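got a predicted structure plus its sequence, pasted below:
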Amino acid sequence: MIEITAPVLIALLVLAGIVMFFGAMAVRRIQLRRTLGTFDASILTPKGKWMMVIGRYGGGHVDLLRFFSVSPIPSFVVERRGLDVTGWRRADEQEALRIPPGFVIVELTRNGEPLLLAMDYRDYTGFSSWLEAGPIAGSWQI
């Protein structure tokens, strides 16, 4: 008969917890990507680090949810109002190591403040179309 000691039981419980966490992350990502209006991206955080996110379009905003998380709450919300695309560019050598291959860096200004998002060029064309298709400034006034 096999005897299970306390350290072995604890190790098995920790391993089961890790497997469940990664399983929950995978299910969350699959569910998010199945929905229309989502895309993979990276954002340059205020701390100067690139963070992988899943973008989700809303009516007047884009929710950016952490890629490696199980939380349904977005880490960043980028409002359409006051957001302008100033251009896009290829990643330089240092940036290319920190973002997924093939991504372009989209240079944005949000109420005069710079914001950098990295995404696939096809996702960029959809993002810029979504931004340009927004309501005319002042048309929401009733």
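Yep, it's here. Numbers count the residues shown, from 1 in each chain.

other residues contacting the helix or strand harbouring Thr86?
Taking DSSP states H and E as the criterion, Thr86 maps to strand 83-90. Outside of strand 83-90, the residues within contact range by CB atoms under 8 Å, 6 or more residues apart in numbering are Val104, Ile105, Val106, Glu107, Leu108, Thr109, Arg110, Leu115, Tyr121, Tyr124, Ser128, Leu131. C-betas here are computed from N, CA, C, even on glycine.

make a markdown table from these and add secondary structure and neighbour count to it.
Converted to a markdown table, these look like this (DSSP: H, G, I helix; E, B strand; the rest coil; neighbours: other CB atoms under 10 Å):
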| residue | secondary structure | neighbour count |
| --- | --- | --- |
| Val104 | strand | 19 |
| Ile105 | strand | 21 |
| Val106 | strand | 22 |
| Glu107 | strand | 15 |
| Leu108 | strand | 18 |
| Thr109 | strand | 13 |
| Arg110 | strand | 14 |
| Leu115 | strand | 17 |
| Tyr121 | helix | 12 |
| Tyr124 | helix | 20 |
| Ser128 | helix | 13 |
| Leu131 | helix | 16 |
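
what ranges do the helices span in this protein?
Taking DSSP state H, the helices of the chain run over residues 6-34, 93-96, 121-132.

confidence-wise, which of those is weakest overall?
For the helices of the chain, the stretch scoring lowest in mean pLDDT is helix 6-34; its value is a mean of 83.

give me the neighbour count for Arg122.
11 (other CB atoms under 10 Å).

related to what we said a few turns ago, would you format the helices of the chain as a markdown table with distance to Thr86 included?
Output for those, formatted as a markdown table (distance: least, CB to CB, whole Å):
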| stretch | distance to Thr86 |
| --- | --- |
| helix 6-34 | 28 |
| helix 93-96 | 17 |
| helix 121-132 | 11 |
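
can you tell me which of these is most buried?
Mean neighbour count (mean count of other CB atoms under 10 Å) peaks for helix 121-132 among the helices of the chain, with a mean of 14.
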